[in-house]
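Novice: Any chance you could fold what I've pasted below:
(one chain, ligands or ions: 1)
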Amino acid sequence: MADTQVLIVGAGPVGLTLAVDLGKRGIRCVLLETKEAPAFLPKMERCNARTMELYRRMGIVGRVRAAGLPPDVPMDVFIVFSLVEPPLLQLPYPSVAQAQAEIAATADASQPLEPYQLISQYTLEPLLKSIAEELPAVAVRYGHELTAFTDNGNSVTAHVRRSDGTTADISADYLVGCDGGTSAVRKQLGIKLQGDGNIGQFRQALYRCDDLFERIPIGKGRHYHVADAQSSFLITQDSTKHFTLHATVDSDDEMKTMFEKVVAMPVAYEMLSCAPWKQNLPREKLIAMADVEQRKSNEMIGAELGYRYAGSPLIWPEPGEAPEHDFMTYRPSTWPGARLPHVWLADRTAVQDRIGYGDHYTLLRLRARADTSGLEAAMRSTGAPFRVLDLDDAHARDIYGHDLMLLRPDMHVVWRGNVPPDDTARLARMAMGH
Ligand SMILES: Cc1cc2nc3c(=O)[nH]c(=O)nc-3n(C[C@H](O)[C@H](O)[C@H](O)COP(=O)(O)OP(=O)(O)OC[C@H]3O[C@@H](n4cnc5c(N)ncnc54)[C@H](O)[C@@H]3O)c2cc1C
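Specialist: Model (predicted):
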């Protein structure tokens with residue numbers, strides 16, 4: 001028997017979230033991380049709406065929001081010469097509180113159940129680590145680097161070097177590479193990195209400046225893109241007392257001058273860290289680029305909510321033309337493979353909440369007319385956790401467009417219809433991946 005069921009390599013946001021998810025489902029896992037502890041370095045600072053829906057299902061959304069940017073702080077984006085001159089452009093984005101009010105008032109399934117949350121990676125990682133450590137099924141191992149692994153057919157053995165120089169082998173049923181852009185797991189599997197890299201060379205510095213946010217005369221926001229030759233870009237972190245600045249300059253010292261130039265008013269501040277990093281974007285046409293990039297990162301609601309497993313062997317091949325996938329616009333759909341759109345029921349509960357969290361497949365019956373006993377028997381015969389949920393709700397039936405839907409544990413649609421398909425055994429096998 002293997003030492004653990006799942007070995008997760010890398011405790012960034014992805015590996016930590018996976019550890020919490022598996023741990024909450026009672027699946028034994030070991031999380032390996034090279035670093036001795038989470039680093040206080042700025043990287044990501046926004047969890048998107050889908051991530052927050054998943055955190056809601058996992059029961060940790062309140063803890064993530066409590067650790068992040070307060071709900072009433074604006075998320076606006078500015079394009080500026082400095083923080084004291086009238087902005088060239090101000091793109092308004094709702095605060096979390098405003099977005100929650102909009103979600104509560106929206107009935108057409110075009111909104112997520114949870115809005116985004118600004119939370120710095122250096123806040124999120126320690127939070128997720130502490131949650132993972134509360135779970136008996138999870139063993140969190142910092143100071144443990146995966147050096148290589150051996151595929152044994154039915155299991156995998158990870159070769160690990162601890163930070164004290166000792167080594168160990170850990171066997172697992174599955175190994176998951178969550179080890180970031182330079183992933184050793186990806187490289188050993190021979191998977192190539194896709195896309196263009198290293199187009200822009202930036203410096204990024206982190207500053208502590210306690211009163212700046214309250215004093216910004218042009219308005220409070222999340223991002224300030226500066227129309228200068230150094231492509232400077234100031235980011236408010238979740239505490240509103242920390243800021244990062246990105247700029248194309250040659251030395252760490254110049255990052256102090258750049259900060260003072262962008263802020264353009266006397267403030268007491270401390271530069272906490274500074275490091276070079278590479279960006280995959282062209283530098284010319286800064287205003288247009290910043291505008292487009294911001295719109296992409298803030299308005300990709302179609303990508304966040306409308307992504308779909310297309311052509312998957314685990315998804316029923318519905319005949320006909322699937323709806324087009326549009327990154328920028330979300331059109332709710334229950335086409336097989338899609339995430340189940342968020343719908344409020346007549347009693348103001350959310351369908352997603354009624355389905356709940358666990359490892360079960362769900363047959364959702366929105367109008368209990370058809371005989372589904374054959375499909376239920378076929379699903380139960382696979383041995384997988386399965387349950388039937390009756391929601392006799394005309395509005396939900398209207399939005400979802402079908403009486404019946406078979407959902408996977410991750411709430412993606414496997415199949416939909418008004419009567420079960422003739423070959424229910426085939427559908428059940430397909431859903432399970434048999
Ligand atoms: C300046 C900057 C700003 C960004 N802003 C955003 C943003 O606003 N929103 C957003 O979504 N993303 C943003 N990103 C990208 C974001 O940081 C990454 O998408 C995110 O970190 C990816 O998370 P991850 O868990 O996949 O990988 P990582 O965060 O890279 O974590 C991988 C982990 O694996 C560990 N590891 C690596 N190799 C091994 C090994 N062999 N053994 C054990 N452990 C190993 C590493 O130490 C690391 O902790 C930004 C990135 C940068 C650099």
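Novice: how much space between the residue of the chain most remote from its centre and Pro71?
Specialist: Residue farthest from the centre of the chain, counting by Cα atoms, centre = their mean, is Asp371 at 38.1 Å. Distance of Asp371 to Pro71, computed by Cβ to Cβ, to the nearest Å: 47 Å. C-beta here means a position set from N, CA and C on the backbone, and glycine is covered the same way.
Novice: from the stretch 1-150 of the chain, which residue is nearest to the ligand?
Specialist: Nearest residue of the stretch 1-150 of the chain to the ligand (Cβ to the nearest ligand atom) works out as Gly12 at 2.1 Å.
Novice: and the closest residue to that residue other than its chain neighbours, what pLDDT?
Specialist: Sequence neighbours aside, Gly180 is the residue nearest to Gly12 in space, at 5.8 Å (criterion: Cβ to Cβ, 6 or more residues apart in numbering). As predicted, Gly180 sits at a pLDDT of 95.
Novice: how many neighbours does Gly180 have?
Specialist: 14 (other Cβ atoms under 10 Å).
Novice: Quick check: it is in a helix.
Specialist: No. Using DSSP: H, G, I helix; E, B strand; the rest coil, the assignment for Gly180 is coil, not a helix.
Novice: ok, it touching Pro13?
Specialist: No. Gly180 lies out of contact with Pro13 (Cβ atoms under 8 Å); the separation is 10.1 Å.
Novice: For the stretch 101-250 of the chain, what lies in contact range of the ligand?
Specialist: Within the stretch 101-250 of the chain, the positions adjacent to the ligand are Gln121, Glu145, Leu146, Cys178, Asp179, Gly180, Ala184, Gln204 by Cβ under 6 Å from any ligand atom.
Novice: So which other helices or strands are in contact with the helix or strand containing the third one?
Specialist: Okay, so that is Leu146. Here Leu146 sits within strand 144-151, counting by DSSP states H and E. Using 3 or more Cβ pairs under 8 Å, 6 or more residues apart in numbering; DSSP states H and E, the elements in contact with strand 144-151 are strand 29-33, strand 156-162, strand 167-177, helix 184-188.
Novice: just the ones you listed: most buried one?
Specialist: Across the helices and strands packed on strand 144-151, the average number of neighbours (mean count of other Cβ atoms under 10 Å) peaks for strand 29-33, which reaches a mean of 26.
Novice: does the ligand sit close to it?
Specialist: Yes. Contact of strand 29-33 with the ligand (Cβ under 6 Å from any ligand atom) involves Leu32, Glu33.
Novice: What residues are bridge-paired with Ser171?
Specialist: Beta-bridge pairing for Ser171 (DSSP bridges): Thr157.
Novice: Which SSE is immediately downstream of the helix or strand bottoming out on mean pLDDT in the chain?
Specialist: Across the helices and strands of the chain, mean pLDDT, DSSP states H and E gives its lowest value to helix 286-299, namely a mean of 58. Using DSSP H and E, the helix or strand that follows helix 286-299 in sequence is helix 301-306.
Novice: neighbouring contacts of the following helix or strand past that next one?
Specialist: Sequence-wise, the next helix or strand downstream of helix 301-306 (DSSP H and E) is helix 351-355. Residues from elsewhere that reach helix 351-355 (Cβ atoms under 8 Å, 6 or more residues apart in numbering): 53, 56-57, 113, 340, 342-343, 345, 362, 364, 389, 391, 396, 407, 411.
Novice: any idea how far the residue most central in space within the chain is from Phe213?
Specialist: Centroid-nearest residue in the chain, with Cα atoms, centre = their mean: Thr51, separated by 3.8 Å. Separation of Thr51 from Phe213 (Cβ to Cβ): 25 Å.
Novice: If the closest residue to Arg65 other than its chain neighbours is in a bridge, with which residues?
Specialist: Leaving out its chain neighbours, the residue that sits closest to Arg65 by Cβ to Cβ, 6+ apart is Gln117, at 5.6 Å. With DSSP bridges as the criterion, Gln117 is bridged to Cys47.
Novice: Switch the residues of the stretch 101-250 of the chain next to the ligand over to CSV; also include distance to Tyr330.
Specialist: Below are these laid out as CSV (distance: Cβ to Cβ, whole Å):
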residue, distance to Tyr330
Gln121, 26
Glu145, 40
Leu146, 37
Cys178, 27
Asp179, 31
Gly180, 28
Ala184, 36
Gln204, 31
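Novice: The residue of the stretch 1-150 of the chain closest to the ligand contacts Thr182, doesn't it?
Specialist: No. With contact defined as Cβ under 8 Å, Gly12 does not count as touching Thr182 (11.7 Å).
Novice: More neighbours: which of these two?
Specialist: For Gly12 versus Thr182, neighbours defined as other Cβ under 10 Å are more numerous around Gly12 (20 against 8).
Novice: pLDDT wise, what is the more buried one at?
Specialist: pLDDT at Gly12 comes out at 98.
Novice: Gly197 now?
Specialist: 59.
Novice: Same question for the one 10 residues further on.
Specialist: In this prediction, Tyr207 carries a pLDDT score of 98.
Novice: does it count as helix, strand or coil?
Specialist: Tyr207 ends up strand, using three-state DSSP.
Novice: Now do the contacts for it.
Specialist: Contacts of Tyr207 by Cβ under 8 Å, 6+ apart are His242, Phe243, Thr244, Leu245, Phe259, Tyr269, Glu270, Met271, Leu272.
Novice: partner residues bridging the closest residue to Thr34 other than its chain neighbours?
Specialist: Nearest residue to Thr34, sequence neighbours excluded (Cβ to Cβ, 6+ apart): Glu145, at 4.1 Å. Beta-bridge pairing for Glu145 (DSSP bridges): Arg161.
Novice: My understanding was that Glu145 contacts Val160; is that so?
Specialist: Yes. Assessed by Cβ under 8 Å, Glu145 is found in contact with Val160 at 6.6 Å.
Novice: So how do I select the buried members of the residues of the stretch 101-250 of the chain next to the ligand in ChimeraX?
Specialist: To isolate the buried subset of these in ChimeraX, counting by 16 or more other Cβ atoms under 10 Å, use the following:
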select :121,145,146,178,179,184,204
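Novice: and the residue of the stretch 1-150 of the chain closest to the ligand, what does it touch?
Specialist: Contacts of Gly12 (Cβ under 8 Å, 6+ apart): Gln121, Glu125, Cys178, Asp179, Gly180.
Novice: farthest-separated two in those residues?
Specialist: Spanning the widest gap among these are Gln121 and Asp179, at 15.2 Å by Cβ to Cβ.
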